[in-house]
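Asker: with the input below, show me the fold.
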Amino acid sequence: MKKFIISILTGILAFTLSSFALTREEIEKNPILKGKMLAKRCSWCHDIRKTIVAPPFKVILERYRDVPEETLKKQFFEAIKNGSKGKWHNWLKNHVQTKLGRGDVMYMPPQKPYYTDEEIKLIINWLLTLKK
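Answerer: Have a look, this model is predicted:
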């Protein structure tokens, strides 16, 4: 009887959780969701609000809050595709060096081997939704 109850509860839980999961088709139809899913790799270094290794997305967006959106898209595209170094030296020095080592040697590595240009644009469009 105990095994039967456990199997029923497990089935109910699995059904409930699956009803909240997004399908691949739903993600592919929604460019913002697709950008968010593609940005999962970014979470190795970036979080939305907390510092991991690199500036959180909210800190990045705050720094560039006065930059027009089209200009910002171009800047983010270049930084993601080709990487960047030195733009966040002071921030890294104050936030990361004491936790993870020397912030002055850290940089954003190029992501062009991992993402197509179109995928980078999707990530940027998702990222810009965090401004709101």
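Asker: would you map the helices across the protein?
Answerer: Assigned by DSSP state H, the chain shows helices spanning 2-20, 24-29, 31-38, 57-63, 69-82, 89-95, 97-100, 117-129.
Asker: of all those, which one is nearest Gln111?
Answerer: helix 69-82 (5.1 Å; CB to CB). No exception for glycine: its C-beta is placed from N, CA and C like everyone else's.
Asker: now do the residue most central in space within the chain against Asp47, distance only.
Answerer: What sits nearest the mean C-alpha location of the chain, by CA atoms, centre = their mean, is Ala39, with 3.9 Å. Distance of Ala39 to Asp47, given as CB to CB, to the nearest Å: 11 Å.
Asker: what does Val53 give?
Answerer: 10 Å.
Asker: let me know how buried the closest residue to Thr51 other than its chain neighbours is, in neighbour terms.
Answerer: Sequence neighbours aside, His95 is the residue nearest to Thr51 in space, at 5.4 Å (criterion: CB to CB, 6 or more residues apart in numbering). His95 sits with 17 neighbouring residues when counted by other CB atoms under 10 Å.
Asker: and the pLDDT for His95?
Answerer: pLDDT for His95: 74.
Asker: where's it relative to Trp88, distance?
Answerer: Counting by CB to CB, the gap from His95 to Trp88 is 9 Å.
Asker: quickly list what's touching both of those two.
Answerer: Jointly contacting His95 and Trp88 under the rule CB atoms under 8 Å, 6 or more residues apart in numbering are Pro55.
Asker: got the end-to-end distance for stretch 40-51?
Answerer: End-to-end span of stretch 40-51 (CA to CA, to the nearest Å): 16 Å.
Asker: what does it rub up against?
Answerer: Residues outside stretch 40-51 that contact it (CB under 8 Å, 6+ apart) are 52-58, 60, 95-96, 99, 114, 123, 130.
Asker: again, 7 Å this time
Answerer: Outside stretch 40-51, the residues within contact range by CB atoms under 7 Å, 6 or more residues apart in numbering are Ile52, Val53, Ala54, Pro56, Phe57, Lys58, His95, Val96, Tyr114, Leu130.
Asker: excluding covalently adjacent residues, which one is nearest to the third one?
Answerer: Distances taken as CB to CB, 6+ apart place Cys45 nearest to Ala54, at 4.1 Å, with adjacent residues excluded.
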